[in-house]
Structures are given as structure tokens and as C-alpha cells.
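Novice: Sequence below, structure please.
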Amino acid sequence: MLAPIRSKSLIFDIYGAFVRDLGGWIAVADLITLMGDLGVEEQPVRSSVSRMTRKGLLTRHELNGQAGYVLSPRAQEILAEGDSRIYLQQEIASVEDGWTLVTFSIPETMRAERHQLRSRLRWLGYGNVGAGLWIAPSRTYERTVEMVRSSGLDRYVDVFRATYAAFGDLDELVQRCWDLDQVRRAYRLYLAEFEPMAESWSTADPREEPRSAFRDYVSALHSWRKIPYLDPGLPPELLPSDWEGKIATDLFNDLRGRLEPSAGVHVATVMSAP
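Specialist: Next up, the predicted model:
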């Protein structure tokens with residue numbers, strides 16, 4: 001059961017995985033039904049919808065006399081950015097490609113902006129070398145420049161492309177800049193929880209159980225959603241030989257391919273959509 005999970009996050013999962021492809025609008029009653037399938041009661045759903053509306057993530061819109069909601073442009077941008085991390089295979093980094101370095105000096109009066117920049121760097125896969133210096137694989141350069149410009153902090157930030165020359169050990173630097181143990185724990189927990197689910201569906205037809213496919217797929221998607229942001233996508237030669245990243249990624253992709261179509265049929269049926 002998914003009841004302990006914040007209903008706001010599950011609403012985003014439903015919109016992102018299904019509602020966008022079914023016109024982008026869903027009636028409140030249908031959203032309540034789908035959230036009920038996930039173990040969330042009606043009142044928390046209504047409260048979450050109200051909060052998301054106040055925060056500018058959802059927009060109220062009536063259709064054929066039914067009250068419902070569409071994603072705001074801001075929410076659509078958030079989901080689109082998430083798609084690129086959740087669904088697309090991460091490009092394999094190479095030591096030969098080098099690194100992107102970021103340093104910044106933001107006034108003390110702009111502490112909130114400084115905290116936000118650090119958070120965004122972490123989401124892009126950066127590790128902290130120390131003393132305001134951040135490092136990530138070279139492929140993050142374009143996205144970093146775009147992020148800094150859009151945040152309006154470009155006057156305070158310097159971005160470099162670099163290669164590691166000397167004198168320390170690059171493996172030791174990686175261990176110091178990133179918490180790879182945290183990433184491994186996330187992968188292992190995912191495998192422990194969802195390998196049995198994949199095994200159970202290997203002998204079952206999701207087309208015969210679309211509601212169960214919906215429930216299991218949203219569970220797998222929701223648990224997976226944050227993991228790609230934790231993994232900086234470092235060069236394989238700098239990772240442990242038994243790194244679980246590819247196995248966990250393959251598991252998620254297998255569950256998605258197996259369950260998502262039937263889960264979508266269930267959502268379309270609830271919404272009475274073609």
C-alpha cells in the first residue's frame with residue numbers, strides 16, 4: 001500500500017505518466033478513484049490538489065460540467081525535466097572527456113539563492129570538492145550553463161571545463177566528493193523491493209489485471225523517480241566493479257515495458273477516455 005507516501009507526489013506521477021497523454025485534464029472524481037487504487041483516501045487527495053493549486057502547479061478547469069484540473073506551465077516544465085532523468089538512459093561518462101567545474105561567490109544577503117544553487121548542482125550530479133568548488137562529468141556543461149542563466153545568478157558563478165592532471169588519486173577524489181554509499185543503498189533497496197514484483201509479473205498477463213498493473217507500475221515509478229538524481233553518472237572505471245546501477249535501471253525499464261501499457265488502459269478506463 002502506498003498510503004504513507006505524500007499524495008502530492010503520487011498526483012504528479014499520475015499526471016506525468018498518464019494524464020498528459022490523455023489530454024492533460026482529469027476530473028477530480030477520477031483522480032480520487034485512481035488515488036484510491038493506490039491506497040490514498042479522498043480527503044488527502046482533495047487537500048493535496050488544493051495545495052498544488054495554491055502553489056501554481058495545477059489549474060482548475062471545468063469540462064462538460066465536471067470539475068477538474070490541468071497542469072500549469074510550471075508543472076509541465078518540472079515533469080519534462082524529470083522525464084529526461086527518469087526515462088532516458090544516462091550517457092556513460094568517460095575520464096577522457098574531462099570534468100565541469102563550478103565555483104561561485106554569492107552575497108550573504110542572498111542565502112536562499114545560494115542554497116537553491118547548491119541544490120540544483122546536486123540534482124545535476126555535482127559533487128563538492130570543497131571551499132565552494134563543485135565537480136561533475138563534462139557532459140553536464142551545457143545544462144549547467146542553462147541552469148545558471150535561468151536562475152539569474154550568472155554574475156556570481158564561474159563555470160570551467162577541466163581535465164584531472166595531478167597529484168592525488170582520482171578514485172579517492174570521487175569518494176570524497178560523492179556519497180556513493182548512499183547511491184548504492186538506494187539501488188539495493190530498489191532491487192530488494194521490486195525484483196520480487198518483476199518475478200511475480202513474469203508469469204502473469206498485465207492485460208488481464210490492468211488495475212494491479214497500474215498500482216504496481218506507479219509504485220515502481222514513484223520509488224525510482226529520485227534515484228537517477230542521486231547517481232552522478234560517473235565513469236565506470238571510477239565505480240566499484242559490482243556497481244548495481246545498470247541492474248536496477250534494467251529492472252525499472254523491464255517493469256515499465258511490462259506494466260505501463262496496461263496501467264494506461266486502467267487510467268483511460270477510469271477517465272472514460274479513448
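Novice: Report the contact partners of residue 129.
Specialist: 135, 173, 176, 177 (C-beta atoms under 8 Å, 6 or more residues apart in numbering). Bear in mind the C-beta positions are built from the backbone N, C-alpha and C, glycine included.
Novice: And the helices in the stretch 51-200 of the chain, which stretches?
Specialist: With DSSP state H, counting those that start in this stretch as the definition, the stretch 51-200 of the chain shows helices at residue ranges 73-86, 111-123, 141-151, 170-177, 180-201.
Novice: in the last one, what counts as buried?
Specialist: Across helix 180-201, burial judged by 16 or more other C-beta atoms under 10 Å covers 180, 183, 184, 186, 187, 190, 191, 194, 197, 198, 201.
Novice: just the angle between that helix and helix 170-177, please?
Specialist: 80 degrees (axes from the mean of the first three to the mean of the last three C-alpha atoms, to 10 degrees).
Novice: Please list all residues in contact with the closest residue to residue 91 other than its chain neighbours.
Specialist: Using C-beta to C-beta, 6 or more residues apart in numbering and skipping residues adjacent in sequence, the residue nearest residue 91 is residue 139, 5.5 Å away. Applying C-beta under 8 Å, 6+ apart to residue 139 gives the contacts 91, 93, 97, 233.
Novice: Adding neighbour count, pLDDT and distance to residue 107 as columns, could you present those residues in TSV?
Specialist: TSV is the format used below for these (neighbours: other C-beta atoms under 10 Å; pLDDT from 0 to 100; distance: C-beta to C-beta, whole Å):
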residue	neighbour count	pLDDT	distance to residue 107
91	11	74	35
93	22	88	33
97	16	92	34
233	18	90	32
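Novice: Go through those residues and name the one nearest residue 158.
Specialist: Nearest to residue 158 among the contacts of residue 139, counting by C-beta to C-beta, is residue 97 at 20.2 Å.
Novice: my read: the closest one touches residue 138, true?
Specialist: Yes. Residue 97 sits in contact with residue 138 when judged by C-beta atoms under 8 Å, with a separation of 4.3 Å.
Novice: What is the nearest of the buried residues of helix 180-201 to residue 244?
Specialist: Of all the buried residues of helix 180-201, residue 244 sits closest to residue 187, with 3.9 Å by C-beta to C-beta.
Novice: excluding its backbone neighbours, what's nearest the closest one?
Specialist: Closest to residue 187 by C-beta to C-beta, 6+ apart is residue 244, at 3.9 Å.
Novice: State the helix or strand in which the closest residue to residue 51 other than its chain neighbours lies.
Specialist: Nearest residue to residue 51, sequence neighbours excluded (C-beta to C-beta, 6+ apart): residue 8, at 6.8 Å. Here residue 8 is covered by helix 7-17, with elements defined by DSSP states H and E.
Novice: what's the distance between that helix and the middle of its chain?
Specialist: 11 Å (C-alpha atoms, centre = their mean, to the nearest Å).
Novice: Give me the residues contacting it.
Specialist: 2, 26, 31, 34-35, 38, 40, 44-45, 47-49, 51-52, 71, 75, 78-79, 82-83, 217-218, 221-222, 225, 260, 263-264, 267.
Novice: That one versus helix 73-86: what angle between them?
Specialist: Going by the same axes, to 10 degrees, helix 7-17 makes 80 degrees with helix 73-86.
Novice: which helices and strands does the helix or strand that helix 7-17 is followed by pack with?
Specialist: Moving toward the C-terminus from helix 7-17, the next helix or strand (DSSP H and E) is strand 25-27. If contacts are counted by 3 or more C-beta pairs under 8 Å, 6 or more residues apart in numbering; DSSP states H and E, strand 25-27 sits against strand 58-63, strand 66-71.
Novice: and those, which is most packed in?
Specialist: Burial of these is given as mean neighbour count (mean count of other C-beta atoms under 10 Å); strand 66-71 ranks first at a mean of 18.
Novice: buried residues in stretch 76-90?
Specialist: Result for stretch 76-90 [16+ other C-beta under 10 Å]: buried residues 76, 79, 82, 85, 86, 90.
Novice: Who are the contact partners of the first one?
Specialist: So that's residue 76. residue 20 are the contacts of residue 76 under C-beta under 8 Å, 6+ apart.
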